[in-house]
Structure formats: C-alpha cells, structure tokens
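# How does the following fold in three dimensions:
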Amino acid sequence: MDLFEAIIGRRSIRRFKKDMVKDDIIMKVIEAGTWAPSAGNLQSWEVVMVKNSETKEKLVTAAYLREFLAGAPIILVLCANQHECGASYNDRGVELYCIQDAACAGQNILLAAHALGLGACWVGAFDEDLVVQALHLPPGLRPVSLIPMGYPDENPSPPPRGDLEEFIHYERFK
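Numbering: from 1, shown residues only. A predicted model of the protein is given here:
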C-alpha cells in the first residue's frame with residue numbers, strides 16, 4: 001500500500017468483526033510504533049494489550065461509555081513513560097515529549113493497522129484515573145490513548161477536511 005493511500009484511506013473504525021487478530025499481526029502493528037520519531041530516541045511510551053472482556057468493560061466506563069470499545073477484539077492502551085523522558089528532559093520531557101512520543105507511535109500503529117487490513121480508532125477522551133486503576137498502571141505511566149483494533153465491520157466515508165490555506169501561515173501567524 002502506498003504511503004499516501006494509507007494516510008488518506010485510513011478511517012476511524014468503531015465496528016469490528018468478532019474474528020481475533022493473530023498475535024504476530026498485532027506485534028507487527030506495535031513494532032511500527034517503535035519506528036516513530038521520539039525525543040532523543042528514548043521511545044518513552046509503553047503499550048498495554050487488552051483482550052479480556054472484563055478489562056474492556058472497565059475501559060468502556062473510563063471512556064465515558066463508548067460501548068464500541070467492548071466490541072473490539074483487542075484494545076491497545078498507549079501510555080507515556082514520564083520517568084524515562086523526564087530523566088533526560090526534565091519538566092518538558094514529563095509534560096510534553098513523552099506524550100508526543102506516544103502520539104507519534106500511535107499514528108504509526110494506526111497506519112500499520114490499516115495497511116494490514118485492520119480497523120482501529122484513536123480514543124483520547126477518557127477518565128485517566130479510571131484507566132490507571134483498570135490497568136494497574138504504576139506512577140509515571142500516563143495513558144494517552146485507547147486504540148480498539150480488529151477487522152473492520154464498517155466502511156465509513158471520509159470526513160471533510162479543511163482547506164490547506166486555513167492551516168498555513170507564512171512568516172507569522174495571521
């Protein structure tokens with residue numbers, strides 16, 4: 001699959017077939033995350049794989065009752081490793097760089113999933129404390145996103161995008 005085809009063709013998938021995703025495919029998707037840029041190449045992010053239905057239900061609750069999470073065969077929870085990045089970059093590492101690292105890894109994961117015929121969705125709206133409790137995350141691991149993943153059972157239309165001129169500013173903000 002061409003890179004631009006993957007970027008333009010990827011959609012947020014919220015309905016999944018019941019088929020399980022083989023572990024080697026999941027590992028390939030996660031490996032794509034390791035190739036994302038990161039501050040000082042620290043790769044200051046962790047991933048928690050969730051397949052258990054009880055844990056998925058806890059994540060549904062944490063994500064303000066987004067029921068589609070429970071229908072995904074797997075949920076990847078990307079977490080920023082604040083300790084690792086903070087050790088090298090102090091407050092900026094804790095507050096920003098590790099979150100950027102997790103977000104960059106997440107984009108690679110979403111694109112790799114799409115390229116391999118999987119559907120996925122970035123979910124950033126959730127109660128952090130409930131996710132921490134559900135996954136028993138230690139201090140210093142901050143959940144950044146929930147990524148439900150599986151074989152898509154929908155084919156959504158592309159959402160509208162803004163005109164480039166709305167985003168681009170030359171020399172200074174206008």
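
# Which residues are in contact with residue 12?
Counting by CB atoms under 8 Å, 6 or more residues apart in numbering, residue 12 touches 120-122, 156. Backbone N, C-alpha and C define where each C-beta goes, glycine included.

# Can you tell me which of those has the largest number of neighbours?
Counting neighbours by other CB atoms under 10 Å, residue 120 leads the contacts of residue 12 with 28 neighbours.

# Can you redo the contacts of residue 12 as JSON lines, where the extra columns are distance to residue 57?
Listed next are these as JSON lines, based on distance: CB to CB, whole Å:
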{"residue": "120", "distance to residue 57": "19"}
{"residue": "121", "distance to residue 57": "17"}
{"residue": "122", "distance to residue 57": "20"}
{"residue": "156", "distance to residue 57": "25"}
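
# Mind putting those into CSV with secondary structure?
Converted to CSV, the contacts of residue 12 look like this (DSSP: H, G, I helix; E, B strand; the rest coil):
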residue, secondary structure
120, strand
121, coil
122, coil
156, coil
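
# Pick out the most distant pair among the residues you listed.
Across those, no pair lies farther apart than 122 and 156, at 14.0 Å, counting by CB to CB.

# show me where this structure has helices.
Taking DSSP state H as the criterion, the chain carries its helices at 3-9, 23-34, 53-62, 82-92, 98-115, 128-135, 164-167.

# right, so of those, which gets closest to residue 74?
helix 23-34 (6.4 Å).

# Would you mark the buried spots in that closest one?
Judged by neighbour count (16 or more other CB atoms under 10 Å), helix 23-34 contains these buried residues: 25-26, 29-30, 32-33.

# same for that helix, what does it pack against?
strand 45-50, strand 74-81, helix 98-115 (3 or more CB pairs under 8 Å, 6 or more residues apart in numbering; DSSP states H and E).
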